[in-house]
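Undergrad: Below is the structure, and that's it, no one-letter string:
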């Protein structure tokens, strides 16, 4: 029996060439990265909403204590994980979109959440704030007029 008549070594017969390697589904790594980014951006949006509302309250002196820190502390515990979960959910649901369009839905929703939070918690309409700094609607003058409040 010659060397060429022997069966191939088992480790060599199981080895796969690059063309035989199982293909990974395309975009799987990008989807995982996008989900992680969505959670981080969601948490940052929750922190930003709290900071923006606190800054507006402090500027207009429209809270029973400076910047409504007592209330905002409890809302921070809800807003940060809530926005992170919301961003994760929307990013997961939009995973069928083209790669460059996947962040758009969760960014738009987070921007809407921050605006609504500012409008409801940051500008306490009717609260007796400092009328010299802000109007009766407690919208600070630094807030852009083209954005709702």
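TA: Received the coordinates, thanks. Values in this document were obtained by computation on a predicted structure and should not be read as measured data.

Undergrad: What is the neighbour count of residue 126?
TA: Neighbours of residue 126 under the rule other CB atoms under 10 Å: 9. Just so you know, the C-beta spots here come from the backbone N, C-alpha and C atoms, and that holds for glycine as well.

Undergrad: quick one: secondary structure of it?
TA: Using DSSP: H, G, I helix; E, B strand; the rest coil, the structure places residue 126 in coil.

Undergrad: One more: the one 5 residues further on?
TA: Following three-state DSSP, we place residue 131 in the coil state.

Undergrad: cool, residue 108 as well?
TA: helix.

Undergrad: For it, give its distance to residue 87.
TA: Distance of residue 108 to residue 87, computed by CB to CB, to the nearest Å: 11 Å.

Undergrad: And the two? Which one has more around it.
TA: More crowded of residue 108 and residue 87, by other CB under 10 Å: residue 87, with 28 against 11.

Undergrad: For the more buried one, which non-adjacent residue is spatially closest?
TA: Excluding its sequence neighbours, the residue lying closest to residue 87 (CB to CB, 6 or more residues apart in numbering) is residue 42, at 3.0 Å.

Undergrad: What of residue 125?
TA: Closest residue in space to residue 125, ignoring its immediate chain neighbours: residue 137 at 5.2 Å, by CB to CB, 6+ apart.

Undergrad: What's the local residue count around that neighbour?
TA: The tally of other residues near residue 137 (other CB under 10 Å) stands at 14.

Undergrad: from here on, count from 745
TA: Happy to do that; since the first residue is 745 now, the last one works out to residue 881.

Undergrad: right, and residue 861 touches residue 823 too?
TA: Yes: the pair residue 861 / residue 823 is scored as a contact, 7.1 Å apart, by CB atoms under 8 Å.

Undergrad: Where is the longest helix in this structure?
TA: As assigned by DSSP state H, the longest helix anywhere in the chain is helix 772-804.

Undergrad: Which strands and helices lie in contact with it?
TA: helix 813-837, helix 847-861 (3 or more CB pairs under 8 Å, 6 or more residues apart in numbering; DSSP states H and E).
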